[in-house]
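In: okay, structure incoming, though there's no sequence with it:
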């Protein structure tokens, strides 16, 4: 049992559960470390205003925002910051015009503060780092690869976020003939260093992708059509659209599983699973010693209750209580019980889409995309299956074993075709949503009594109200932040960065139609009075959920304070709890029986 | 406490119950055993204290019941009074009941059972049930109609549900069975039907009973409200408020957790009855402190600990009190944010279990208002975005609610949808080039050898052939008919092991397996089509050796290997094809003159590049850095994923040392490494990789021998070096096997 989870129960008493998965994500997180390098162009043109935006400031702001979110969400990743086309230089080889601002390492709050300082204060930048036209781009790339190799910690992916407005960083070369730079780029590809461009340009100063970067990326992603397509799609984006793109990069694309998809006994393709929608939880915490501020290590030991002998995992068996006796299994047996086959997705058949009812839901879905690394042809088969199912309005029912040791569950594959907005930015990717279906064991029968219904006229009137607060475009998750998390992050950030006051967060989870028409308001009041709704709610609360006095206590107050009681008889009208409370309040240890309690009080009050 | 239950099982063990059926070779008691054990199993799974059972046998030598007076109610024994079901009871039914060659009366037993229930429950609210299992072949004293009626009346009055299960039940049809029946059985069955009709009970055949019992069953969960509170539309005072109750509609049933059980206690001497077999957990928090004697671990009392959250490199202390005070404040209840058209609801955004919202019952104004809301949503085809706060100051959830109109009441189903924090807008490559290939250039990923239209046709065929709804009345794989196979199997295993502790696990039966595996008929229909698709798209498995479970290091290594293979292979599509270009592509050829440090990415290459520069100072540096890097790689190795890399580092270090006549340097390093790898406590972080030494032995990576006047060790030292005392080896193997199971253990910890 992970100790980190203990606090959650305070808030969410098994409301929505998510045990196994989160654990897996956590481990995944650890194995899936990423090193990110922000490479920011500092040449003078980056300081010129373009469509109300200073490209350099924009890059810095983006970096700061990114860091703030990243630092809170992925504390096992590494981040570095490199400025190029600078006046000063700071790097191991003394290359000119290259300034390593921050080596690749676990980010700290100071970095954010330093960047904020630079972002606010232009003078500071020009006096300490400065801007220069010239830079040897090959040396920039060499420095980048050097920075990655110096960071000796094992990472799974290395990514450069390149902010620049220069479409031709090596003006005097005729791209391909410039062997050196393409050798370096090849090396990037060899070392699996990915480059994500953020080209900051505008209508007046167009950016010619073909001059240099086309070759750059074709070389870099020579064997990776996937990335190449994505980059070329991104190129077309303008400054304002980049904001969305940066937000997208804040969350790592992390695959959950790679498994075979058995379409039939002899037709199998590869798929890779992702989480597009899943609840972002509050960070886990660690324990620190109050006095020294040091992180406390937890060591757990196991002891045999009967023999008091310390136990090792090999000394464990596992038991279930059944009919008052313990039924004992070995670890291997328990694993065997859960195991119904190897990880994989097995097609069972197809159904019309409408068969997927709203209430057939128990947890968040996965998203799958073909994986050519398992089976050649996966993309093609997947794409055609998806397309045909979408056109025929079908879902597929499959049995899913996502991981070794997980037991099978039926899922529905819901096809989603690609959707793009006017600027050709992908809004919804193509692929299948994998919706875990409930088992019969997961569906509860809730019986409810018949209820009173309102008149049809009232239903119609109600309809007018709800139509006035109807958002025709539907729900957009991007519009509502989790206020609870936002508040928590903000608190953490305020403390970490030593900011003076805690700002207020904007809570969007409220009803915000301030401009309801008077007709509607009138309708609301009329319905309210027709149904004689009193704005008081009978609230049957469970114990310990609030501090308000319970109705019982109120009656106690009516009866009056125990200390004012005149006779032993009148004490009988009080409850045992009240009597006990009173005794405790005057430092007398209460006994158990009511008669004795009354006796104690009589004695105390000298009645 | 609602839902208290009392159940009494009456088993007829009169002599006829012990006669074997000619064809089935089973006795009536065999059937009784099967039925009662199934019924008891349900009780045992739930293990609820408020769920009591009793067991009565008819036809015992003794007359152990409270009504027996020496004249009537004879030869009927209460084997178990009303108690919580126990394994003992199950064992008794399974193994300990025999023919006692006596005769007891069935009707008597019903009276005894009703009386037991009545005196146990008094006027409290219980669900009361009697099961009587009989073959109906013994005489029943039922000639007194008036008495029969009064017994039935009593059963009805006390709200007891009577079930009579009859083996070889003839039923009321004119079947062969009925014709072959003895007149006694015929008349008894007739009596059962009449009696149960009067008593509001039922008669079942064994097959019917078993069919019902064979249904997979599930933990029966009482419907309790998750939240009772206001549902508000609008901003006060311009608002409508009703009181709602929220129930759980779906919720994932997780496998119950197994408790750790001490095998040490099991093996220890002592009275089995007194053993608990429990495993206690002891937790100690400690911090490292620098003292005069060096670093020391000091235990810290949990009271002195505060929570800390990581913020990048730094850790921010945040006491629980501060955290609570600064957390978002929220009132409990449901708030409507707005409505939107149903067709805009994206099904894939539902991300939790489903809740059911109803109006508070017996609250007329609330009921009518809520009903009007639901009805108007349904009429206008709208769904609602509703915030739900379960208890004061809990994290608010955002969800979508749809209107549901039932025959006599209205409700909503609610399911959580993502906040922007929960939604990841990943982008994925488009399929445009595959579905509509441009004529001039075909995507590498487009492997089909037919037109898109033809491919789509084939898939249409596949989809139609695998239609699970072809038989409208018998739709396949409907959630309500599919049970959690692991859960069902777990309980089959528990039951089996409870009665036969030393048996292996029972086999998974076909019926269970069929719930999550393809239907053979459907598979048959689609087989040919999928074969055609396979050929149409040239689907081929990528041969990746040992692809099963590997660390990332290996994946990268493999990918790099593949990359190199691709480059060397002239057929591949990679741009660089000549050997010369491959060389050009390697980093060391570009920057080798610049390499001054060894990185973890390509330590071997970096090292070589440094050595190549023929600079004595740099050579020393290279040796030192390489040694440090090897240990570093150990420190950072999570499991055996980096072993190959480490091995390569050691090999290249050895090679270079031989070349540069630095035998002693290498030998010292090896001694150091051996110490750390084979002796515990020298360096814990390296000792965990002690298995690596076996690789060293396998690969015969030994010291450098002194040969031809060069630096090195003697032959004897050389020969002995790789050996380790056998004891240590064994230990290390034993301990490792323990460690390897660690993650499995975590798995169960998680369940606990």
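Out: Structure received. Just so we're clear, the structure is a prediction, and the values are computed from it rather than from any experiment. Numbers count the residues shown, from 1 in each chain, chains lettered A, B, ... in the order given.
In: distance of residue A:507 relative to residue A:330?
Out: 52 Å (C-beta to C-beta, to the nearest Å). Glycine gets a C-beta too; all of them are placed from N, C-alpha and C.
In: neighbours of residue A:530, how many?
Out: 17 (other C-beta atoms under 10 Å in any protein chain shown).
In: distance check, it against chain B.
Out: 9 Å (C-beta to the nearest C-beta, to the nearest Å).
In: in the stretch 51-200 of chain A, what residue lies closest to chain B?
Out: Across the stretch 51-200 of chain A, the shortest distance to chain B (C-beta to the nearest C-beta) belongs to residue A:149, at 3.3 Å.
In: SS state for that residue?
Out: helix (DSSP: H, G, I helix; E, B strand; the rest coil).
In: which one is it nearest to, not counting chain neighbours?
Out: The spatially closest residue to residue A:149, leaving aside those adjacent along the chain, is residue B:599, at 3.3 Å (C-beta to C-beta, 6 or more residues apart in numbering or on different chains).
In: what segments of the stretch 451-600 of chain A are helices?
Out: A:456-468, A:483-496, A:518-530, A:551-559, A:568-571, A:576-585, A:594-605 (DSSP state H, counting those that start in this stretch).
In: ranking those helices by burial, who's on top?
Out: helix A:483-496 (a mean of 20; mean count of other C-beta atoms under 10 Å in any protein chain shown).
In: what about it and chain B, any contact?
Out: Yes - using C-beta under 8 Å from any C-beta of the partner chain, helix A:483-496 reaches chain B at A:483, A:484, A:485, A:486, A:487, A:488, A:491, A:492, A:493, A:495, A:496.
In: which pLDDT value goes with residue 121?
Out: Because you didn't say which chain, this covers chain A. The per-residue pLDDT reported for residue A:121 equals 83.
In: look at chain B instead
Out: The predicted local confidence for residue B:121 is 91.
In: for the helices of the stretch 451-600 of chain A, which has the smallest mean pLDDT value?
Out: helix A:551-559 (a mean of 39).
In: picking that back up, will you turn the helices of the stretch 451-600 of chain A into JSON lines that also has distance to residue B:400?
Out: Shown next, in JSON lines, are these (distance: least, C-beta to C-beta, whole Å):
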{"stretch": "helix A:456-468", "distance to residue B:400": "14"}
{"stretch": "helix A:483-496", "distance to residue B:400": "18"}
{"stretch": "helix A:518-530", "distance to residue B:400": "22"}
{"stretch": "helix A:551-559", "distance to residue B:400": "36"}
{"stretch": "helix A:568-571", "distance to residue B:400": "55"}
{"stretch": "helix A:576-585", "distance to residue B:400": "43"}
{"stretch": "helix A:594-605", "distance to residue B:400": "52"}
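In: average model confidence for stretch A:143-156?
Out: 77.
In: can you list contacts of that stretch?
Out: For stretch A:143-156, contacts defined as C-beta atoms under 8 Å, 6 or more residues apart in numbering or on different chains pick out A:31-35, A:37, A:39, A:78, A:80, A:82, A:84, A:91-93, A:95, A:98, A:100, A:103-105, A:158, A:160, A:184, A:187-188, A:191, A:193, B:552-553, B:587, B:597, B:599-602, B:606, B:629, B:632, B:636, B:642.
In: which among the residues you listed count as buried?
Out: Applying 16 or more other C-beta atoms under 10 Å in any protein chain shown to the contacts of stretch A:143-156, the neighbour count classes A:32-35, A:37, A:39, A:78, A:80, A:82, A:84, A:91, A:95, A:98, A:100, A:104-105, A:158, A:160, A:184, A:187-188, A:191, A:193, B:552-553, B:587, B:599-602, B:606, B:629, B:632, B:642 as buried.
In: touching, residue B:522 and residue B:464? I think so.
Out: No - judged on C-beta atoms under 8 Å, residue B:522 makes no contact with residue B:464 at a distance of 11.3 Å.
In: look at these two and report which has more neighbours.
Out: Counted by other C-beta under 10 Å, residue B:522 and residue B:464 do not tie: residue B:522 has more neighbours, with 21 against 15.
In: how far away is that one from residue B:529?
Out: Residue B:522 is 12 Å from residue B:529, by C-beta to C-beta.
In: try residue B:711
Out: For residue B:711 relative to residue B:529 (C-beta to C-beta), the value is 72 Å.
In: repeat for residue B:44
Out: Taking C-beta to C-beta, one finds residue B:44 at 48 Å from residue B:529.
In: one more: residue B:461?
Out: Applying C-beta to C-beta to residue B:461 and residue B:529 gives a distance of 5 Å.
In: more neighbours: which of those two?
Out: residue B:529 (21 against 17).
In: on the three-state scheme, the nearest residue to the more buried one once chain neighbours are set aside is what?
Out: Spatially, and ignoring its direct neighbours in sequence, residue B:529 is nearest to residue B:462 (4.8 Å; C-beta to C-beta, 6+ apart). Secondary structure for residue B:462, judged by three-state DSSP, is helix.
In: what is the neighbour count of residue B:462?
Out: Counted with other C-beta under 10 Å, residue B:462 comes out at 24.
In: so it makes contact with residue B:526?
Out: Yes - the pair residue B:462 / residue B:526 is scored as a contact, 5.9 Å apart, by C-beta under 8 Å.
In: residue 344 - how many residues pack around it?
Out: Answering for chain A, as no chain was given. Neighbour tally, residue A:344, other C-beta under 10 Å: 18.
In: try chain B instead
Out: Around residue B:344 there are 14 residues (other C-beta under 10 Å).
In: how about the residue nearest to it when sequence neighbours are not counted, phi and psi?
Out: The shortest distance from residue B:344 to any non-neighbouring residue, by C-beta to C-beta, 6+ apart, is to residue A:474 (2.9 Å). The phi/psi pair for residue A:474 (degrees, to the nearest 10) reads phi 90, psi -170.
In: residue contacts, residue A:474?
Out: Contacts of residue A:474 (C-beta under 8 Å, 6+ apart): B:340, B:341, B:344, B:345, B:346.
In: can you rerun that using 7 Å?
Out: By C-beta atoms under 7 Å, 6 or more residues apart in numbering or on different chains, the contact list for residue A:474 reads B:340, B:341, B:344.
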